[in-house]
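Engineer: Sequence unavailable; structure follows:
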């Protein structure tokens, strides 16, 4: 018997979500540094620093959650865990990207602010957490004691 037991490798969606989470963490660190060090005049909207800080905070928490969800996937119901990972990755992008673009550039699509996309991302993030919980409950209920 080996001193280093073979551990299952991350594959497919879970590898993608882990890498996305790790890259999201790196991006969150960069954006957090910008939020801390840019002069107030660099922000395109009133309270832009606070807006960016909120986006960074959401990004960092969900980057950690994506990594944890991917690593914990073997303990969860596979389909629900995959759906939770994909929903969380999509929701993070759809929330954090518009918030960042709004704070730094006040970007508009036609006459509408890009920030109007953020609530859709936030809704996906809520759904992803519910899916993650369901994947744990489904797996736990399917196991025999």
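Structural biologist: Received the coordinates, thanks. Keep in mind that what you see is a predicted model, and the values were worked out from it rather than measured.
Engineer: going forward, measure contacts between C-alpha atoms and count neighbours the same way
Structural biologist: OK.
Engineer: quick one: buried residues of the lengthiest helix in the chain?
Structural biologist: Ranked by residue count and defined by DSSP state H, the top helix of the chain is helix 78-105. Neighbour-count burial for helix 78-105, counted by 16 or more other C-alpha atoms under 10 Å, picks out 78, 80-104.
Engineer: partners of the helix or strand following that helix in the sheet?
Structural biologist: Sequence order places strand 108-109 as the next helix or strand after helix 78-105, per DSSP states H and E. Paired neighbours of strand 108-109 in the sheet (DSSP bridges): strand 112-113 (antiparallel).
Engineer: residues making contact with the partner strand?
Structural biologist: With contact meaning C-alpha atoms under 8 Å, 6 or more residues apart in numbering, strand 112-113 is reached by 102, 106, 107.
Engineer: Relative to residue 74, how far out is the first one?
Structural biologist: So the one you mean is residue 102. From residue 102 over to residue 74 the distance is 38 Å, taken as C-alpha to C-alpha, to the nearest Å.
Engineer: Low-confidence ranges, the protein, go.
Structural biologist: Within the chain, the segments meeting pLDDT under 70 span 1-8, 140-145.
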